[in-house]
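A.B. asks: Based on what follows, work out the 3D shape:
(chains A, B, C and D)
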Number of protein chains: 2
Amino acid sequence: MEATLPRELLRDRTAAIARALADPKRLCVLETLAEGERSVSDLSREVGCQVPNMSQHLSVLRTAGIVATRREGSTVFYRLADPQVLEIYRLLQQVAG
Amino acid sequence: MEATLPRELLRDRTAAIARALADPKRLCVLETLAEGERSVSDLSREVGCQVPNMSQHLSVLRTAGIVATRREGSTVFYRLADPQVLEIYRLLQQVAG
DNA sequence: TCAGGAGTTGCGCAAAGACGCAAATATGCG
DNA sequence: CGCATATTTGCGTCTTTGCGCAACTCCTGA
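C.D. replies: Prediction:
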């Protein structure tokens, strides 16, 4: 049985998801991850920012539950955790475009 | 013919839409407007904030193209400008919940 | 014209966010 | 263990954002 979240708390969490999407670099990360998992340094290179900065952006996305990680040796691979997010991204783009 | 937006600019605009949705009070506004148009003071009362604050939130939403206005005398009515936004909101909630 | 309700705008402040850089962790290997 | 590579964390700074309050604009009705 799913506990029903109070309306207000749900709004806060919903806003938190939106906030996680409210940055161009993070959207760029999503575009890249849509093609498959990537390491932090991969993403840092493809998005064009420093590794620590990328790590922080990824932390925001992970906290929001948008991405998930897999560790392989000393490398951490990130992937999309929820495919719904791509649909949201697509709709946002449509509204934006 | 639609001009095609450069990827990067589109990302910026997409992030801007997400940012406009990244606040609980503004989400509350959307919920209310989903039922029909409302004046600024209506919204201010239903959402529970001061009128100037509401006016600023509405300004954010209007700049993002999410709401539109209609003036009737000294009263300004706000309404949803793009029904797509409700679909986005629904999906965001789903990811959040 | 003037009083008053309805909105908007300007200002100051506190909290949150983004970013670069340095330092700390973590993992694998010789 | 000691070193190198991959990531994360901490810190200082600058910008952005949300909010309350006061001032200002608009419109309407006496």
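A.B. asks: and stretch A:25-42, is it in reach of chain B?
C.D. replies: Yes: residues of stretch A:25-42 contacting chain B under C-beta under 8 Å from any C-beta of the partner chain: A:R26, A:L27, A:C28. Heads up, the C-betas are built off the backbone N, CA and C, glycines and all.
A.B. asks: how about that stretch: buried residues?
C.D. replies: Neighbour counts over stretch A:25-42 (16 or more other C-beta atoms under 10 Å in any protein chain shown) mark A:R26, A:L27, A:C28, A:V29, A:L30, A:T32, A:L33, A:E37, A:R38, A:V40 as buried.
A.B. asks: hmm, it in reach of DNA strand D?
C.D. replies: Yes: contact of stretch A:25-42 with DNA strand D (C-beta under 7 Å from any atom of the strand) involves A:S39, A:V40, A:S41.
A.B. asks: contacting residues for the last one?
C.D. replies: When you say that, I think you mean A:S41. If you count contacts by C-beta atoms under 8 Å, 6 or more residues apart in numbering or on different chains, A:S41 has them with A:V51.
A.B. asks: in chain A, which spans are strands?
C.D. replies: For chain A, the strands defined by DSSP state E cover A:38-39, A:67-72, A:75-80.
A.B. asks: Could I get the pLDDT score of the residue minimising distance to the centre of chain A?
C.D. replies: Note on chain A: the residue nearest the mean C-alpha position is A:L61, at 3.7 Å, using C-alpha atoms, centre = their mean. Listed pLDDT for A:L61 reads 98.
A.B. asks: Same question for A:A96.
C.D. replies: 95.
A.B. asks: need the residues of chain A near chain B, please.
C.D. replies: So chain A meets chain B at A:5, A:8, A:10-19, A:21-24, A:26-28, A:65-66, A:82, A:84-85, A:87-89, A:91-97 (C-beta under 8 Å from any C-beta).
A.B. asks: which of those residues count as buried?
C.D. replies: Buried among the residues of chain A next to chain B by 16+ other C-beta under 10 Å: A:10-11, A:13-19, A:21-24, A:26-28, A:65-66, A:82, A:85, A:88-89, A:91-93, A:95-96.
A.B. asks: In helices only, show me these.
C.D. replies: A:10-11, A:13-19, A:24, A:26-28, A:85, A:88-89, A:91-93, A:95-96 (DSSP state H).
A.B. asks: Which ones, among those, also lie beside DNA strand C?
C.D. replies: Within those, those near DNA strand C by C-beta under 7 Å from any atom of the strand are A:R19.
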